[in-house]
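>>> Here's my sequence, what's the structure:
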Amino acid sequence: MLSCADMFQLNVSPRNLASRRFPFEMINAVLDKDTGELMEYRHLMKNPKYRQLYGKSYAKELGRLAQGMPGQVEGTNTIFFIDKSDIHTARWRDVTYGRIVVNYRPEKDDPYRTRLTVGGD
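Modelled structure (predicted):
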């Protein structure tokens, strides 16, 4: 994780920031204004200041991808949760991983953004 001092040594220009082209180290992380640290989801969940905000954001993302959360988000039926024992042994090679990605977008109605991305090596 980069400190604030390390971040200023990166090649960050106004043009890059305006076009949302960030150095690799800044992607999928949230900058804590108090400490200057870039925080990924696992760090945000350990921090009491951000735990509830990004925990709720992740719950909304899962609801949006699944069957929804009544009164909060409408589901898209993109994913369905199944028990691990329901996966046939011949299909284990098709199982992949998910990565939780966070961002802060102050211009959005809900600025605390969490997305679930799926690997596919």
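>>> which helices and strands does the longest helix seen in the chain pack with?
Counting residues, the longest helix in the chain under DSSP state H turns out to be helix 48-65. Applying 3 or more C-beta pairs under 8 Å, 6 or more residues apart in numbering; DSSP states H and E, we find helix 48-65 packed against helix 41-46, strand 68-69, strand 73-74, strand 98-104, strand 112-118. No exception for glycine: its C-beta is placed from N, CA and C like everyone else's.
>>> relative orientation of the last one and strand 98-104 in degrees?
Computed with axes from the mean of the first three to the mean of the last three C-alpha atoms, to 10 degrees, the direction of strand 112-118 lies at 160 degrees from that of strand 98-104.
>>> average pLDDT across strand 112-118?
Averaged across strand 112-118, the pLDDT comes to 92.
>>> Any buried residues in that strand, and which?
Using 16 or more other C-beta atoms under 10 Å as the test for burial, strand 112-118 gives 112-116.
>>> which one of these is nearest Ile87?
Taking C-beta to C-beta as the measure, Ile87 sits nearest to Leu116 out of the buried residues of strand 112-118, at 18.9 Å.
>>> So what does Asp34 have for phi and psi?
Dihedral pair for Asp34: phi -70, psi -40, per degrees, to the nearest 10.
>>> what's the neighbour count on it?
Asp34: 6 surrounding residues under other C-beta atoms under 10 Å.
>>> just to revisit the earlier point, any chance of the buried residues of strand 112-118 in a markdown table, with distance to Ser57 too?
Putting these into a markdown table (distance: C-beta to C-beta, whole Å) gives the following:
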| residue | distance to Ser57 |
| --- | --- |
| Tyr112 | 5 |
| Arg113 | 7 |
| Thr114 | 4 |
| Arg115 | 9 |
| Leu116 | 11 |
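>>> nearest to Gly75, of the residues you listed?
For the buried residues of strand 112-118, the nearest to Gly75 is Leu116 (13.6 Å; C-beta to C-beta).
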